[in-house]
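# Fold the stuff below for me.
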Amino acid sequence: MDKGELLIRIEKLEQEIIELKNRQTESKKKEKKNWTRKSVDFLLKYWSLISFLSALGIIFYVQFAFGVDYFESYRNIADSKSLSAFYTELGDSLVRRERWDAAEDAYRQALEYDKYNTRASLGIAKSQIFQPALGETYVDNDVVNTKLDFLITQFPTDADLYLLKGYSLYNSGDRTGAIKFVTRATQINPECVGCFISLGFYQQQNGDIDLAKESFQTAVSLDTNNLLASFWCKRHRLNINN
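Predicted coordinates:
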């Protein structure tokens with residue numbers, strides 16, 4: 001074999017080696033691309049599970065490494081909201097019984113547990129309607145009605161505001177107006193025992209005895225342990241066991 005042929009073979013061998021390297025390089029690129037695609041598909045498919053497990057791992061790590069209970073703050077928040085709701089309900093009950101100072105205290109206590117309790121904030125406004133302003137000894141009826149009318153326009157679904165409006169009108173001698181507003185209160189909140197008791201009393205004072213009996217009967221059916229509702233039912237000889 002002469003030198004020329006040898007050079008030709010060497011050149012062919014070099015080309016084959018280059019082609020083989022190129023194939024290997026392309027094969028590695030394809031494998032890497034496929035692996036990346038599979039990894040992305042896996043993450044997208046199980047992302048929720050991976051996130052949950054990661055969060056769970058962090059929770060346990062923080063709890064055991066630093067002694068911090070991740071769920072403790074949430075339990076405290078839930079307890080605070082429950083206590084706030086309790087004092088709000090208490091405030092509502094006191095407002096319906098016309099115990100303004102005690103109601104305001106209950107609403108303020110509710111806000112101490114949950115400062116974002118808008119119902120308690122409104123409750124404070126309701127409890128102050130019939131309280132004299134600082135330095136005064138009585139409440140002007142026009143001021144009371146102005147406050148109530150404004151609050152009713154702002155919170156038209158609050159039954160207690162209509163109950164308080166009825167109370168104000170009755171004190172002004174407007175029994176028909178009082179019955180109208182308290183009737184609306186019972187329509188908004190058909191489970192409001194105090195609303196039905198007040199309605200029955202106003203109807204009774206207006207001479208509507210049969211309607212008053214129905215209202216008292218409804219009140220005692222909603223709460224058989226309500227002493228005032230039971231009193232009026234017994235007064236009218238109504239069955240308080242139904």
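# Domain map for this protein?
Following automatic domain parsing, one finds the domains of the chain at 3-63, 75-118, 129-235.
# So, low pLDDT: which residues of this protein?
1-14, 16-35, 42-43, 56, 59-75, 240-242 (pLDDT under 70).
# could you pull out the helices for this protein?
Counting by DSSP state H, the chain has helices at residues 3-45, 47-66, 72-96, 100-113, 118-127, 141-154, 159-171, 175-188, 193-205, 209-222, 227-235.
# so which of the ones you listed comes closest to A133?
Using CB to CB as the measure, helix 141-154 is the one of the helices of the chain that comes nearest A133, at 8.3 Å. To be clear about C-beta, it is placed using only N, CA and C from the backbone, and glycine gets the same treatment.
# export the helices of the chain to JSON lines and tack on distance to A133?
Listed next are the helices of the chain as JSON lines, based on distance: least, CB to CB, whole Å:
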{"stretch": "helix 3-45", "distance to A133": "64"}
{"stretch": "helix 47-66", "distance to A133": "52"}
{"stretch": "helix 72-96", "distance to A133": "18"}
{"stretch": "helix 100-113", "distance to A133": "13"}
{"stretch": "helix 118-127", "distance to A133": "14"}
{"stretch": "helix 141-154", "distance to A133": "8"}
{"stretch": "helix 159-171", "distance to A133": "16"}
{"stretch": "helix 175-188", "distance to A133": "24"}
{"stretch": "helix 193-205", "distance to A133": "25"}
{"stretch": "helix 209-222", "distance to A133": "33"}
{"stretch": "helix 227-235", "distance to A133": "30"}
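# Let me have those in CSV, extended by mean neighbour count.
Compiled in CSV, the helices of the chain are given as follows (neighbours: other CB atoms under 10 Å):
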stretch, mean neighbour count
helix 3-45, 10
helix 47-66, 10
helix 72-96, 16
helix 100-113, 19
helix 118-127, 20
helix 141-154, 14
helix 159-171, 23
helix 175-188, 19
helix 193-205, 24
helix 209-222, 20
helix 227-235, 17
